[in-house]
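Colleague: Show me the folded form of this:
(one chain, ligands or ions: 1)
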Amino acid sequence: MDVKDLEVEYVMPNNIKVKALKGVTLSVSKGDVIGIVGESGSGKTTLAMAMMRMIKPPSIVKGSIIMDDDIMKMPLSEFNKRYRWVKLSMVPQASQNVLNPTMRIADHFIDTAKAHGIADKGEVIKKAEELLSLMRLDPHRTLRLYPHQLSGGMKQRIMIALAILLDPEIVIMDEPTSALDVVTQSSILDTIKELNRKLGLTVLFITHDITVVPRVANKIAVMYDGNIVEYGPMTDVIHEPKHPYTMSLISSTPTMNTKLSDIVELHEIAQIGENITGCSFWPRCPHRMDRCKYEVPNYVMVNNTSVRCHLYERTN
Ligand SMILES: Nc1ncnc2c1ncn2[C@@H]1O[C@H](COP(=O)(O)OP(=O)(O)OP(=O)(O)O)[C@@H](O)[C@H]1O
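Modeller: Next comes the predicted model:
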């Protein structure tokens, strides 16, 4: 998948516009697990929703997403038939609440398959059993249960199994572990890794918590104010962050071994992005230069990492 210059502008009922994505460019290779990190409001969910063609008019979407064809340009009916759930699926944020309380888990699988023209219930249940086993659940018991009989972790595993029911190439998981306790979180991260290894599944893993990314991802895309400011191999970005925002994000995140005195606070500012010209990180940036206030930086390759920062651009 190649995302190029993706822009999303939400248009509210009072005609106020919110620019949520400001030219996102991202290249996804088969078998990648990409951790998409950033603070609340940086545009992570909007990126996922744009990929799934879920942003509705009057909000405006520009740019291209190539997966064989440009999925932004094709009629929605064609996208629904050829791509949604078939090649590209999503586990939405707070997805555990999406399960229908009046339906057994088996019927969720049957309904999902039926919506995509697969009517053979026996075949669907067989596939559901395989996937639930892969998700470390007892398939026969789980399929008979109602959502209220399941824990949060079990529901999340079922949502992931539903998302891969039709063998998509890419699954977008929006904060798949954020509402779970750390033990369940850890086990689900292991399961996602296993899906990637066993099925060759490509995963876009959205999270606000950079500490979980090394557990699953081979690449990281760091988002700030509607842009990807740094994108590269996981170890390079974690051990040698290039963008000052990534540096701040890492040094402000405590781990079990961090001394409190080593944690550097990343100050909040009132309105990220609003009325800020140039690089939108400059008001918080410890390395800001004059040009940061006026010029939007371009992407520059530094070793294997793509960075959007004037520190790495040559001045002419
Ligand atoms: N439906 C909407 N209408 C108007 N503005 C929206 C809408 N959805 C999101 N936004 C705005 O777009 C920007 C990006 O929001 P988005 O939810 O994509 O960020 P996020 O990084 O996923 O945040 P979070 O981690 O809190 O979910 C924010 O300024 C948000 O307020």
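
Colleague: got a list of what the closest residue to the ligand within the stretch 151-300 of the chain touches?
Modeller: Using Cβ to the nearest ligand atom, the closest approach of the stretch 151-300 of the chain to the ligand is made by His208 at 5.0 Å. Where C-beta positions appear, they are placed from N, C-alpha and C, glycine not excepted. The contact partners of His208, by Cβ atoms under 8 Å, 6 or more residues apart in numbering, come to Val37, Gly38, Glu39, Ser40, Lys44, Glu175, Ser178.

Colleague: Please report how far the second one lies from Met12.
Modeller: Distance of Gly38 to Met12, given as Cβ to Cβ, to the nearest Å: 22 Å.

Colleague: With the first one instead?
Modeller: Spatial separation of Val37 from Met12 under the definition Cβ to Cβ is 27 Å.

Colleague: The two - which one has more neighbours?
Modeller: More crowded of Val37 and Met12, by other Cβ atoms under 10 Å: Val37, with 26 against 10.

Colleague: Nearest residue to that one in space, please, no chain neighbours.
Modeller: In space, Val37 comes closest to Ile210 once its chain neighbours are excluded; the distance is 4.9 Å by Cβ to Cβ, 6 or more residues apart in numbering.

Colleague: now swap in Met67 and tell me
Modeller: Nearest non-adjacent residue to Met67, counting by Cβ to Cβ, 6+ apart: Met1, 4.9 Å away.

Colleague: Pull up the residues of the chain that are close to the ligand.
Modeller: Counting by Cβ under 6 Å from any ligand atom, the chain comes close to the ligand at 10, 12, 18, 20, 38, 40-46, 208.

Colleague: Only whichever of those residues are buried, select them in PyMOL.
Modeller: Here is the PyMOL selection string for the buried members of these, based on 16 or more other Cβ atoms under 10 Å:
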select buried, resi 20+38+41+42+43+44+45+46+208
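
Colleague: now, which of the residues of the chain next to the ligand sits nearest Leu131?
Modeller: Using Cβ to Cβ, Thr45 is the member of the residues of the chain next to the ligand that lies nearest Leu131, at 24.9 Å.

Colleague: Which residues are in contact with that closest one?
Modeller: Thr45 neighbours (Cβ under 8 Å, 6+ apart): Gln93, Asp174, Ile206.

Colleague: That one and Met90: what is the separation?
Modeller: Thr45 is 10 Å from Met90, by Cβ to Cβ.

Colleague: Okay, helices next: where are they in this structure?
Modeller: 44-51, 76-82, 105-115, 121-134, 139-144, 152-163, 182-199, 213-216, 234-239, 244-251 (DSSP state H).
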